[in-house]
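> Below is the structure, and that's it, no one-letter string:
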């Protein structure tokens, strides 16, 4: 009857465990601990001692071969796992590269925006319409009302500004709005820097219910939250 691989392995393990016990009672050296006879010492051994020594060497060889086999199996498993991790890393790296490119693009855009002026000294012949059209301002003359709204403490007539005035140039999308006379929620929502659509006035109303009791009535001086 054929023996199973497991049975052979167990038998070999038991044999390897017993051999050192039998041999150490005969020999003065312990091969499993790396202790060996010199050539001269071997020649002085009796026949029985030589047989025991050779058996001990053979047993140690089998033990080392088993350890080598186990180590090789572990090494193969580690190599397979390493290849699996490399494949995963390659996939992640492939997904990461577009994200890096996007981040770099956004960083460049942010740096460009941060370099834009937040103030403008009015020069002779300039108007809000003209200033708004400058590339470094809004690149769109139609957006001039935002400059006006940000400088109403200084500008009484949006068609009349004077050289030397330093105007604030607001950037980004505001998260709050200071109410001025004549404004209502629909008008505020229609400002291009707010929602650019008067129909979104309900967003402002919902975000400021603690202050607004009647959406048809708001008062100058109120600072309203602009949800984003």
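Cool, the structure landed. Since this is a predicted model, take the numbers as computed values, not measurements.
> CA only for contacts and neighbour counts going forward, please
Noted.
> Would you state the strands of the chain in chain order?
For the chain, the strands defined by DSSP state E cover 119-121, 166-168, 176-178, 223-225.
> Show me what the first one is packed up against.
The contact analysis (3 or more CA pairs under 8 Å, 6 or more residues apart in numbering; DSSP states H and E) places strand 119-121 against strand 166-168.
> circling back: using CSV, please lay out the strands of the chain together with mean pLDDT and mean neighbour count.
Below are the strands of the chain laid out as CSV (pLDDT from 0 to 100; neighbours: other CA atoms under 10 Å):
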stretch, mean pLDDT, mean neighbour count
strand 119-121, 97, 13
strand 166-168, 98, 17
strand 176-178, 97, 15
strand 223-225, 98, 17
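> hey, which helix or strand in this structure has the poorest pLDDT?
Lowest mean confidence among the helices and strands of the chain (mean pLDDT, DSSP states H and E): helix 5-24, at a mean of 43.
> Tell me, how many residues neighbour residue 62?
16 (other CA atoms under 10 Å).
> circling back: any chance of JSON lines for the strands of the chain, columns distance to residue 108?
Shown next, in JSON lines, are the strands of the chain (distance: least, CA to CA, whole Å):
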{"stretch": "strand 119-121", "distance to residue 108": "22"}
{"stretch": "strand 166-168", "distance to residue 108": "24"}
{"stretch": "strand 176-178", "distance to residue 108": "27"}
{"stretch": "strand 223-225", "distance to residue 108": "30"}
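> any weak-confidence spans in this structure?
Along the chain, the parts satisfying pLDDT under 70 run over 1-26.
> hmm, back to that, quick one, which of the strands of the chain is nearest to residue 153?
Smallest distance to residue 153 across the strands of the chain (CA to CA): 10.4 Å, for strand 166-168.
> Just want the most central residue of the protein.
In the chain, the residue lying closest to the centroid (CA atoms, centre = their mean) is residue 96, at 9.2 Å.
> gap between it and residue 87?
14 Å (CA to CA, to the nearest Å).
> same question, residue 189
Distance from residue 189 to residue 87, counting by CA to CA: 51 Å.
> Of these two, give the one with the bigger neighbour count.
Ranked by neighbour count (other CA under 10 Å), residue 189 and residue 87 place residue 189 first, with 21 against 12.
> Not counting sequence-adjacent ones, nearest residue to that one?
Closest residue to residue 189 apart from its sequence neighbours, by CA to CA, 6 or more residues apart in numbering: residue 198 at 4.7 Å.
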